[in-house]
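Chemist: heads up, no residue letters with this:
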């Protein structure tokens, strides 16, 4: 896959990670763009959960089996190991109990893929340092009073959590725009993607 | 699209109750063309008082079908792509054998001697019809309300013969509230002296009782909001400014909502048989997709059908929690299920009248079932 899928650089990374013919659950799947791409190009068995009825409607119209519900509903009903991959793209920072979500993802799936905007990016640090205000950057575009983000985390934060919880990180990829970042990712990458089990 | 109702005849059917009905007739219509591989057939199942005339303009009556806004070229069930079948249910009164049909043993109408029929029996008869049309596997079975219950039953009874089911504004089993409304309807019919124990054929039918039953039904199909929008407190032939004046009690319909309900009631008795009302509501009330299984989840064991479940926000007769129970059960078994609760003010009637968003869902779901998900990408 080249370029971005639905304007989302992390989708391209996720698209590369997922192996053909696998079973995939996408939590907060939006209009099902990623799942539709995975069905078409990787012949996956796809399921999605999305809370917005308008997005669910467009996802189903796209041919993706999505059901309307919140994240917790989306996870609790599934049997153990129902999926090869459970995806949570750019949503972990919006969850009330991120650790529980991660644990549930690893219960229903063999491996989890999480992507999130990196709060350690230099633009975030600089914004706070120089303006003294809650950061508003490319990856964090909201005013403090209207942001859906409630748990801000950096790449290093996630690595530390993985260590503490004994998560095995199989793959990590860091991006700014569509470019991969390998040098000083916690300072230079806007988005992080982790594959772990 | 001018259509006409056909009749299929069968030797007989064994019912869940152990009884047999023989011979029997099924009224049905078809729209679109069956492809050479016979893989594009969709069975559309009508709700409680519907009939086989789902789409097009009837050659006999000149009236449009009950789901004409959803079946036809370019519509939710696109007849340029699919071959759509709709039949009148067993126990009905619009061409399929029911209590008003003649019992060959007595040469009189069955009346209340007609054996009890179940939703499962209705589905079994639909299967016989589909078989007789030379179709081994349906692309989809779809219906709203009681039609949705039958669609669910198709997945459970004949999982190998249906690739997908679309269950709209429906339930796996009736709640006490749903049974209660049906019981009011039945009691209303039976309280009418003209009902006469179900033996009224050849005389005056229990029109008053059946009409009141229908009036209750109509209230449950609408929402508080849709009734306020449609009728308000407007009075018949009186200016709205009189609303706040203490009304004189009138026996004639005074409010618009009253005259609407009376009109719908009186129309209904010209097309529907009171005994069918009793038999079909009983079939609905006693139905439970899980019956014969330890749990609802067990009922779906070995079912590989795709599911699309749709509910509506203002539907208080078949509330969303009932659809969600179906969806959650299927999810626990990791079945392929899509679910959406559509916003609508139209109450239970939404699946018949507020169809724009429903159309988008059904089209995408059918296309991805028919051609595979990749086909739906465009």
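Modeler: That came through fine. Every value quoted in this text rests on a predicted model; they were computed, and no experiment measured them. Numbering: from 1, shown residues only, chains lettered A, B, ... in the order given.
Chemist: how close does residue B:40 get to residue B:260?
Modeler: With the distance defined as Cβ to Cβ, to the nearest Å, residue B:40 ends up 40 Å from residue B:260. From N, CA and C alone the C-beta is placed, and that goes for glycine too.
Chemist: Name whatever forms a beta bridge with the spatially closest residue to residue B:45 that is not a sequence neighbour.
Modeler: Setting aside the residues directly before and after it, residue B:45 is nearest to residue B:143 in space (Cβ to Cβ, 6 or more residues apart in numbering or on different chains), at 3.4 Å. Beta-bridge pairing of residue B:143, defined through DSSP bridges, involves residue B:45, residue B:167.
Chemist: residues contacting residue B:143?
Modeler: Contacts were defined as Cβ atoms under 8 Å, 6 or more residues apart in numbering or on different chains; by that measure residue B:143 touches B:44-47, B:149-151, B:166-168, B:170.
Chemist: Report pLDDT for it.
Modeler: On the pLDDT scale, residue B:143 is placed at 98.
Chemist: With the one 4 residues further on instead?
Modeler: Reading off the per-residue confidence, residue B:147 sits at a pLDDT of 98.
Chemist: Now do the contacts for it.
Modeler: B:44-47, B:50, B:168, B:170.
Chemist: Please repeat the previous calculation with a cut-off of 7 Å.
Modeler: Contacts for residue B:147 were tallied using Cβ atoms under 7 Å, 6 or more residues apart in numbering or on different chains; they are B:45-47.
Chemist: now residue B:221
Modeler: Neighbour list for residue B:221: B:317, B:347-349 [criterion: Cβ under 7 Å, 6+ apart].
Chemist: cool, and residue A:30?
Modeler: A:50, A:55 are the contacts of residue A:30 under Cβ under 7 Å, 6+ apart.
Chemist: Do a quick rundown of the helices in the chain.
Modeler: By default, I'm working from chain A. Secondary structure of chain A by DSSP state H: the helices cover A:9-17, A:33-42, A:53-61, A:71-76, A:98-108, A:122-131, A:155-165, A:185-188.
Chemist: that's the wrong chain, I meant chain B
Modeler: B:119-132, B:146-157, B:176-190, B:207-221, B:224-230, B:256-271, B:274-286, B:296-299, B:320-332, B:350-353, B:356-371.
Chemist: so of these, which one's packed in deepest?
Modeler: Ranked by average neighbour count under the criterion mean count of other Cβ atoms under 10 Å in any protein chain shown, the helices of chain B are headed by helix B:146-157 at a mean of 26.
Chemist: List, one by one, the residues from chain A near chain B.
Modeler: Those residues of chain A that sit near chain B, judged by Cβ under 7 Å from any Cβ of the partner chain, are A:36, A:39-40, A:53, A:56-57, A:60-68, A:77-79, A:82.
Chemist: which residues does residue B:14 bridge with?
Modeler: Here residue B:14 shows beta-bridge partners residue B:20, assigned using DSSP bridges.
Chemist: so it touches residue B:22, yeah?
Modeler: No. Applying Cβ atoms under 7 Å, one finds residue B:14 not in contact with residue B:22, separated by 9.3 Å.
Chemist: Distance across stretch B:170-183, terminal residue to terminal residue?
Modeler: The first residue of stretch B:170-183 is 19 Å away from its last residue (Cα to Cα, to the nearest Å).
Chemist: which residues of the chain score low on pLDDT?
Modeler: Since you didn't name a chain, this refers to chain A. Chain A contains residues with pLDDT under 70 at A:1-7, A:73-74.
Chemist: You answered for a different chain; I wanted chain B.
Modeler: Within chain B, the set of residues satisfying pLDDT under 70 comprises B:238-251, B:373-378.
Chemist: and it, which of its residues are near chain A?
Modeler: B:308, B:327-328, B:331-332, B:334, B:336-343, B:357, B:360-361, B:363-365, B:367-368, B:373-374, B:376-377.
Chemist: who does the one residue sitting closest to the centre of chain A bridge with?
Modeler: When Cα atoms, centre = their mean is applied to chain A, the residue found nearest the centroid is residue A:89 (1.7 Å). Here residue A:89 shows beta-bridge partners residue A:115, assigned using DSSP bridges.
Chemist: Quick check: closest non-adjacent residue to residue B:300.
Modeler: residue B:333 (5.6 Å).
Chemist: Nearest the middle, which residue of chain B would you pick?
Modeler: What sits nearest the mean C-alpha location of chain B, by Cα atoms, centre = their mean, is residue B:47, with 0.7 Å.
Chemist: Need phi/psi at that one.
Modeler: Dihedral angles of residue B:47 (phi, psi; degrees, to the nearest 10) stand at phi -80, psi -180.
Chemist: Please apply the same query to residue A:65.
Modeler: Here is the backbone geometry of residue A:65 (degrees, to the nearest 10): phi -80, psi 100.
Chemist: give me the number of residues near the residue nearest to it when sequence neighbours are not counted?
Modeler: Sequence neighbours aside, residue B:338 is the residue nearest to residue A:65 in space, at 4.4 Å (criterion: Cβ to Cβ, 6+ apart). Residue B:338 has 28 neighbouring residues, counting by other Cβ atoms under 10 Å in any protein chain shown.
Chemist: Mind telling me which residue of chain A is nearest chain B?
Modeler: Nearest to chain B in chain A, going by Cβ to the nearest Cβ, is residue A:63, at a distance of 2.8 Å.
Chemist: quick one: that residue and residue B:366 touch, right?
Modeler: No. With contact defined as Cβ under 7 Å, residue A:63 does not reach residue B:366; the gap is 9.4 Å.
Chemist: quick one, which of the helices of chain A is nearest to residue B:271?
Modeler: Proximity of these to residue B:271 was assessed by Cβ to Cβ; the nearest stretch is helix A:53-61, lying at 34.6 Å.
Chemist: quick one: the closest one to chain centroid distance?
Modeler: Remark: helix A:53-61 is offset 19 Å from the chain centroid, using Cα atoms, centre = their mean, to the nearest Å.
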